[in-house]
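Q: Show me how the following folds:
(chains A and B)
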Amino acid sequence: MEKAKKNMTILEIFGWVLTLFVIFPVYIMIINSFKDRKEIFTSELSLPKALNFTYYVQAIQKMDFLTALGNSLFITVTSVVFIIVLSSMAAWVLERNKTTISNIIFYTLVATMLIPFQSVMIPLVQYLSKWQIPGTNFSLIDTRYGLIFMNIGFGIGMSTFLFHGFIKNVPLEMEEAATIDGCNKFQLFWRIVFPNLKPIIVTVAILNVISLWNDYLLPSLVLRSPNLRTIPLSTFFFFGEFTIEWNLALAGLVLTIIPVIIFYLFSQKYIIKGVMAGAIK
Amino acid sequence: MKKNSNTLTFWLFLIPSLFIFINVVIIPFILGIIYSFTDWDGFSFFGSKFVAFSNYLKVFRDQNFLSAFLLTFKYAIIMVIVSNIIGFSLALLVTRKMRTRNILRSIFFMPNLIGGLILGFIWQFIFTKLFVQLGTVLHASNIFFNWINDPNMAFWSIVIVSAWQMSGYVMIIYIAGLESINPDIIEASLIDGAGPVRRLFNIILPLTVPSFTISLFITLSNSFKQYDTNLSLTNGGPYGTTELLTMNIVQTAYKHNQYAIAQSKAVVFFVVIMAITLVQVYLTKKREVEM
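A: Numbering: from 1, shown residues only, chains lettered A, B, ... in the order given. Reported below is the predicted structural model:
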């Protein structure tokens, strides 16, 4: 018994040594973001001589960081809310009405999850750029709502699939009781069904937030105006201009991962559970 | 009467999703296949001519495409092996009964929250600056030099960064698999005197085959789709030696404006990724055991 305990401690220490591989690059990035050019050049490993926030201030301005943060938040949150509402509604009627047509729709949604984004991206942008309303500025290209529309389209397959699997295991009794009490279908869904989906809503939300927040390829094809850039886009353009000035670039990178770290600290338990639940399905 | 109202709700609940989904995924997918058989210029389809398989013939004669294709294959195979071995080992480690296992899991998973684009930039600093300095300090400039500028090592730098990221994700899948093993079975094997090695190969591995099905699928398809880290870390360089498939397609379309050819490449990409993942899922599914 004593020996088993000792072995466990050794394993645990070994685990912590391994975390250094994860922490080290982040550590290097942070310490060098405070150094001036000469200091970076002389030593990349040493701690900075002073906590100099000049490069952070410059990076915030040059990346237009606050605008990018606002765009990323708005686009991610709105897309995820729509994905949850629309795909839970779709999954519920598909699960509760077993007809040939509902099966066809469901399996089409599932099968198309296998279509890689790369094979639809070129016609997608061309096709949706044709959507115009004469006399208005309406456009799905180079607008935030256009990107949100596409995010919903790409998120709906997987999300409907996850909701469908969950609803299958929710007993029908409660829905039947509510129908007898005179609930119509809308009340039934919003008052009885939807609140019971909480665990899977968390999973769907987390999986979509992670992929949308970090998405680069689709936004890079859809958003053209600099004031619409999301965080990955503004980082990319910022890097194009300032690669030689590493201190500035590193300060910018630290800024971009701060929101992620905050999100992770508050919801890590749900994230790990959500990814687990999402992957097993 | 009831039947009618049911049908009405069915469609009311479904139509918003279907409308968006059809317009974002289905129609562009079908258009893409049609475009690949024409000389479409990327703008108006009106006036494009049917050219049968001539785009596809050009695609298979495009040296850059073929080398991107082979490189992506090599990359995917290495990634599948490396990230699954690391991910599975990490999962074995953090499913042991230790006090800090939850913190360890969180740390190993963390790189997944930082997108591939930003990770690539972070590591670019390490490979181009820190490595050069380490080479001087440690007198080991044959190991530590600027990997990004080296045609051989630039490829491996992408492998390291993406394995670093993907292993934590795969670990989570294996943790779920390992934790679902009935502890009685492990207990029984202990009583029967099975050592740790036999336990791993005769009990744990066969029982976690479903997790392997999922993990191999995810690592395989994600590696084929790799773009972000490729772009931010090496940008295909030096001299185009690290250009993976997605980057080749994006460049063909948006840099060289050869939209019909790029779309044919995208269709080939789709067919290949479908074939490979379906074969993989079929092969691993066959090995799953029912308990």
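
Q: The helix or strand of chain A with the lowest mean pLDDT and chain B in contact?
A: The helix or strand of chain A with the poorest confidence is helix A:37-42; it has a mean of 80 (mean pLDDT, DSSP states H and E). Yes. Counting by Cβ under 8 Å from any Cβ of the partner chain, chain B is contacted by helix A:37-42 at A:I40. Every residue, glycine included, has its C-beta placed from N, CA and C.

Q: Any buried residues in the next helix or strand after that helix, and which?
A: The helix or strand immediately downstream of helix A:37-42 is helix A:54-63, counting by DSSP states H and E. When neighbours are counted by 16 or more other Cβ atoms under 10 Å in any protein chain shown, the buried residues of helix A:54-63 are found to be A:Y55, A:Y56, A:Q58, A:A59, A:I60, A:K62, A:M63.

Q: got the CA positions of the least confident helix or strand of chain A in PDB?
A: Output of helix A:37-42 as PDB, limited to C-alpha atoms (Å, rounded to 0.1, in the frame of the first residue of the first chain):
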ATOM      1  CA  ARG A  37      14.100  45.000 -29.000                       C
ATOM      2  CA  LYS A  38      17.600  45.000 -27.600                       C
ATOM      3  CA  GLU A  39      16.600  43.000 -24.600                       C
ATOM      4  CA  ILE A  40      14.900  40.400 -26.700                       C
ATOM      5  CA  PHE A  41      17.900  40.200 -28.900                       C
ATOM      6  CA  THR A  42      20.300  39.600 -26.100                       C
END
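
Q: Quick one: residues in contact with that helix.
A: Counting by Cβ atoms under 8 Å, 6 or more residues apart in numbering or on different chains, helix A:37-42 makes contact with A:N32, A:P48, A:K49, A:E245, A:W246, A:N247, B:K129, all of which sit outside it.

Q: could you redo the last one with a cut-off of 6 Å?
A: A:N32, A:W246, A:N247 (Cβ atoms under 6 Å, 6 or more residues apart in numbering or on different chains).

Q: Count the residues that sit near the last one.
A: Applying other Cβ atoms under 10 Å in any protein chain shown, we find 23 residues neighbouring A:N247.

Q: Likewise for the one 10 residues further on?
A: Burial measure for A:I257: 21 neighbouring residues, criterion other Cβ under 10 Å.

Q: next one: A:S79
A: Neighbour tally, A:S79, other Cβ under 10 Å: 24.

Q: For A:D215, see how far away the spatially closest residue to it that is not a sequence neighbour is.
A: Computed as Cβ to Cβ, 6 or more residues apart in numbering or on different chains, the closest residue to A:S79 that is not its neighbour in sequence is A:N151, at 3.9 Å. To A:D215, A:N151 is 8 Å away according to Cβ to Cβ, to the nearest Å.

Q: pLDDT weak spots in the stretch 151-281 of chain A?
A: Within the stretch 151-281 of chain A, the stretches with pLDDT under 70 are A:242-244, A:280-281.

Q: can you give me the strands for it?
A: Applying DSSP state E, counting those that start in this stretch to the stretch 151-281 of chain A gives no strands.

Q: at contact distance from chain A, anything in the helix or strand containing B:N248?
A: Using DSSP H and E, the element containing B:N248 is helix B:245-254. Yes. For helix B:245-254, a contact with chain A is found by Cβ under 6 Å from any Cβ of the partner chain, at B:T246, B:I249, B:A253.

Q: what about the next helix or strand after that helix, distance to the chain center?
A: Once helix B:245-254 ends, the next helix or strand along the chain (criterion: DSSP H and E) is helix B:259-286. Centroid displacement of helix B:259-286 relative to its chain, using Cα atoms, centre = their mean, to the nearest Å, is 13 Å.

Q: Check stretch A:50-67 too.
A: From the chain centre to the centre of stretch A:50-67 is a distance of 24 Å (Cα atoms, centre = their mean).

Q: so what's the residue nearest the centre of chain B scoring on pLDDT?
A: The centre of chain B sits closest to B:N222, judged by Cα atoms, centre = their mean, with a distance of 1.3 Å. We have a pLDDT of 93 for B:N222.

Q: Am I right that it falls within a strand?
A: No. Read with DSSP: H, G, I helix; E, B strand; the rest coil, B:N222 is helix and lies in no strand.
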